[in-house]
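A.B. asks: I would like to see how this sequence folds:
(one chain, ligands or ions: 1)
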Amino acid sequence: MEILIRDSLEAGAQVAASVVSKIIKSEDKPVLGLATGGTPLRMYHELIRMKQSGELSFQNCTTFNLDEYAGLSREDERSYYFYMMSNLFDLVDIDKNNVHLPDGNAKDLREACRKYEQQIKAAGGIDLQVLGIGANGHIGFNEPTGSFASRTWVKILSEQTMQDNSMYFDKLEEVPRHVVTMGIATIMESRHCLLLANGAKKADAIRKMIEGPISASCPASILQMHPRVTVVLDEEAAYLLTFKDHYKWVEKNKLEWQRY
Ligand code: PGA
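C.D. replies: Residues are numbered from 1 along each chain as shown. From the prediction side, this is the model:
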């Protein structure tokens, strides 16, 4: 894993956006896996700024989002469809025909999950998958003890995640219990993963992910088996890492071509 620790949220967002823009510029038809939540918002702002300044175009991009609530309409401002439109897609030059999110409203959710996997395959797989991490170590909505072999499917949120996400809802009971999420195996097939985490609330999950044993108790720990993962952290999210100084040393001493 490539661990990049930054002393401000702005600096983290900039390095994350530069990883994304590098992929967009280097691929003819870049395929991006995208994430929602509070963490990637600054990175999206930076990407929008790059588009507005003429540095970057999303015209040739195809995107697949990690997850979506089941049963919220696309117009519901708490849906991830609404989040992606208002925080990125409406603000850049992407062709909306090439934008994909799991359909949490499909009549046949199981069939919709199978179709999502086929669409990712038909697009040639994901070049870069952006990920957040839950305080419980989830990636996408793959909660602790779920199978590492899972594919896009309907999952049940843990009570902790419902609690964590309840700030976007009026009350806890309104948080959907069911979600559609890419599986761990789907995520592991992407060619490069970019995981972002900020704040002390994530520090324990980050320690388990990077330095703990690989265990379904911390789903993100499977990323230790992925050949290409870039992790961008602020100091707070990194504070429990035993080898923090080593990660900084490695970054400082990389050869030019080894840098993200
Ligand atoms: P957050 O969510 O960015 O809102 O902290 C991350 C996640 O749950 O994966």
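A.B. asks: show me what contacts the nearest residue to residue 242 once chain neighbours are set aside?
C.D. replies: Closest residue in space to residue 242, ignoring its immediate chain neighbours: residue 211 at 5.8 Å, by Cβ to Cβ, 6 or more residues apart in numbering. C-beta coordinates here come from the backbone N, C-alpha and C atoms, glycine included. Residues counted as contacts of residue 211 (Cβ atoms under 8 Å, 6 or more residues apart in numbering) are 241, 242, 243.
A.B. asks: what helix or strand does the second one sit in?
C.D. replies: So that's residue 242. Using DSSP states H and E, residue 242 falls within no helix or strand.
A.B. asks: Can you get me a residue count around it?
C.D. replies: Residues within reach of residue 242, counting by other Cβ atoms under 10 Å, total 9.
A.B. asks: Equivalent analysis for the first one, please.
C.D. replies: Residue 241 has 18 neighbouring residues, counting by other Cβ under 10 Å.
A.B. asks: wait, isn't it in contact with residue 207?
C.D. replies: Yes - contact criterion Cβ atoms under 8 Å: residue 241 and residue 207 qualify, at 5.9 Å.
A.B. asks: Mutual contacts of these two, please.
C.D. replies: With Cβ under 8 Å, 6+ apart, residue 241 and residue 207 have no common neighbours.
A.B. asks: before we move on, back to that, just curious, which of the contacts of residue 211 is nearest to the ligand?
C.D. replies: residue 241 (18.3 Å; Cβ to the nearest ligand atom).
A.B. asks: For the closest one, give its distance to residue 137.
C.D. replies: 15 Å (Cβ to Cβ, to the nearest Å).
A.B. asks: Please enumerate the helices of the stretch 51-200 of the chain.
C.D. replies: In the stretch 51-200 of the chain, helices defined by DSSP state H, counting those that start in this stretch lie at 80-87, 109-122, 159-165, 184-188, listed in chain order.
A.B. asks: Could you dump the contacts of residue 211 into a markdown table and include pLDDT and distance to the ligand?
C.D. replies: Listed next are the contacts of residue 211 as a markdown table, based on pLDDT from 0 to 100; distance: Cβ to the nearest ligand atom, whole Å:
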| residue | pLDDT | distance to the ligand |
| --- | --- | --- |
| 241 | 98 | 18 |
| 242 | 98 | 23 |
| 243 | 98 | 24 |
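A.B. asks: Let's have those residues in a markdown table, adding distance to residue 220.
C.D. replies: What follows is the contacts of residue 211, written out as a markdown table (distance: Cβ to Cβ, whole Å):
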| residue | distance to residue 220 |
| --- | --- |
| 241 | 14 |
| 242 | 17 |
| 243 | 17 |
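A.B. asks: quick check, nearest of the residues you listed to residue 82?
C.D. replies: residue 241 (35.0 Å; Cβ to Cβ).
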